[in-house]
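Q: Curious how this folds, go ahead:
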Amino acid sequence: MKKLSRFNKVMYVLNTVVIVLTFLAYVLPFLAPKLFPFLSVLTLVLPFFLIVNALFFVYWLIQMKRQMILSGLILILGITFVNKFYKFSSLDLPAEEGDMVVMSYNVRLFNLFQWIPGEHVKEDIKNFINEVNPDILCIQEYSENAGVDLRVYKYRTIFMQGNQIKSGQAIFSKFPIIDEGQIAFEGSDNMLVYADIRKGQDTLRVYNMHLQSIKISPDVNEMEQSVDSINKKKSSMVFNRISDAFKKQQQQAEKLMEHKSTCTFPMLICGDMNNSAFSYVYRGIKGDLNDCFEEAGKGFGKTYNFKYYPARIDYIFADRQFKVKEFQNYPEFKNSDHFPVVTRIRFEKD
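A: Numbering: from 1, shown residues only. Purely as a prediction, here's the structure:
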């Protein structure tokens, strides 16, 4: 440290801060958010920390300074996180008879309140669904008031809630639904629904989840207005809202984990988790299932229209009895604040 220039000393202090924050982000997926709710936000930006550490590593390497060792070590520790953020190659196996296409999509009430300008948004969403033609379709923030008719699906599970403005979760299937249910989340407008689906001689359980939103986007826009507009009261509201959201997500995830632990069927879990793949709720819900993006996706797997960051908060998890043959996200399809995700899988009995 003594041999460093004044500028390099400042850089080293910054480097150390980033290393500490990165290490905290590594540990947080193993700690319940209710213990450190606001710190859990670090898991949302873990990829950013990895990139900054890589830049620091290169910075010190060019100068042949031993300070590069710490950044190098933290990058080695985080090597297992890379596939959750970015996939360098995809898997696209040939389609076969018996394959099943599954789509998950938060449609934001089919643009019922014209958040996105345009008269044909809901028709575009419907046309996209018809074009992909999934065998199983999980929709979050579904609206019956939007009047979108998905007649191609004979079987459906729909649970709605709310008074004047009703929204909910829907599972559409080309295969018979033999059982269904809803898991309400106390103190939240979000919910979890499930359907047991009979395909041939096999039965599978499909969960459609929508966990609590942390609602970061509006506050980013507020922060762009002016520094003076961010007073202590507003900062306190942001802190409380994010902390409350992470605690609610934990409670909701634990309800799902408890429910799925009693399921004897191969299962799929689809939906909007509103959290990253580096979080406690992701780790708990995924369990020993396969993340279909990790198995067959490519690139960042971005699923949320957030201009500052390639956020992946929508998932399809598949039982290990399913072979994941293809996965696709559609960031160019901007008819909701979320992007649809689609996977092609095949059931392979033991």
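Q: Name the single longest helix found in this structure.
A: helix 232-260 (DSSP state H).
Q: In terms of secondary structure, what does the next helix or strand after it contact?
A: Next along the chain after helix 232-260, taking DSSP states H and E as the criterion, comes strand 267-272. Counting contacts by 3 or more Cβ pairs under 8 Å, 6 or more residues apart in numbering; DSSP states H and E, strand 267-272 packs against strand 100-106, strand 136-142, strand 202-210, helix 232-260, strand 314-318. To be clear about C-beta, it is placed using only N, CA and C from the backbone, and glycine gets the same treatment.
Q: Run through who's touching strand 267-272.
A: 102, 104, 106, 136, 138, 140-141, 169, 204-211, 256, 260, 285-286, 289, 313-319, 322, 338, 345 (Cβ atoms under 8 Å, 6 or more residues apart in numbering).
Q: hey, where'd the helices end up in this structure?
A: Under DSSP H, the chain gives helices at 6-27, 46-62, 68-77, 82-85, 121-132, 217-225, 232-260, 280-286, 292-296.
Q: what's the neighbour count on the residue nearest to Gly168 when sequence neighbours are not counted?
A: Nearest non-adjacent residue to Gly168, counting by Cβ to Cβ, 6 or more residues apart in numbering: Met160, 3.9 Å away. Residues lying near Met160 (other Cβ atoms under 10 Å) number 15.
Q: In CSV, list the helices and strands packed on strand 267-272 along with mean pLDDT.
A: Shown next, in CSV, are the helices and strands packed on strand 267-272 (pLDDT from 0 to 100):
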stretch, mean pLDDT
strand 100-106, 98
strand 136-142, 97
strand 202-210, 97
helix 232-260, 83
strand 314-318, 98
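Q: Confirm for me that His259 is in contact with Gln182.
A: No - look at His259 against Gln182 with Cβ atoms under 8 Å: they stay out of range, at 10.8 Å.
Q: Between the two, which contacts overlap?
A: Joint contacts of His259 and Gln182 (Cβ under 8 Å, 6+ apart) are Leu192, Tyr194.
Q: and the angle for the longest helix of the chain with strand 314-318?
A: 20 degrees (axes from the mean of the first three to the mean of the last three Cα atoms, to 10 degrees).
Q: Show me what counts as buried in helix 232-260.
A: Across helix 232-260, burial judged by 16 or more other Cβ atoms under 10 Å covers 238, 242-243, 245-253, 255-256, 260.
Q: okay, which residue is most central for this protein?
A: In the chain, the C-alpha closest to the average C-alpha coordinate belongs to Ile313, at a distance of 1.7 Å (Cα atoms, centre = their mean).
Q: Could you measure from that residue over to Tyr304?
A: 5 Å (Cβ to Cβ, to the nearest Å).
Q: got the contact list for Leu256?
A: So Leu256 contacts Ile183, Leu192, Tyr207, Met209, Ile269, Ile285 (Cβ under 8 Å, 6+ apart).
Q: coming back round to it: quick one, which of the helices of the chain is packed in tightest?
A: helix 292-296 (a mean of 24; mean count of other Cβ atoms under 10 Å).
Q: what's next to it, contact-wise?
A: 83-84, 87, 90-92, 301, 312, 315-318, 324-327, 329, 341, 343, 345.
Q: Write a PyMOL command that selects only the buried members of those.
A: If you want just the buried ones from the contacts of helix 292-296 in PyMOL, going by 16+ other Cβ under 10 Å, the selection is:
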select buried, resi 84+87+91+301+312+315+316+317+318+324+325+326+327+329+341+343+345
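Q: In strands, which of the contacts of helix 292-296 appear?
A: Those of the contacts of helix 292-296 mapping onto strands are Tyr315, Ile316, Phe317, Ala318, Val324, Lys325, Glu326, Phe327, Asn329, Val341, Thr343, Ile345, per DSSP state E.
Q: which of those residues sit farthest apart?
A: Spatially, the most separated pair among those is Tyr315 and Lys325, at 17.2 Å (Cβ to Cβ).
Q: close enough to count as contact, Gln67 and Lys9?
A: No - if you go by Cβ under 8 Å, Gln67 and Lys9 don't touch, sitting 10.2 Å apart.
Q: which secondary element of the chain has the worst mean pLDDT?
A: When the helices and strands of the chain are compared on mean pLDDT, DSSP states H and E, helix 217-225 comes out lowest with a mean of 41.
Q: residue contacts, the residue nearest to Glu326 when sequence neighbours are not counted?
A: Leaving out its chain neighbours, the residue that sits closest to Glu326 by Cβ to Cβ, 6+ apart is Arg344, at 4.1 Å. Counting by Cβ under 8 Å, 6+ apart, Arg344 makes contact with Ala95, Asp99, Met100, Val101, Val102, Val324, Lys325, Glu326, Phe327.
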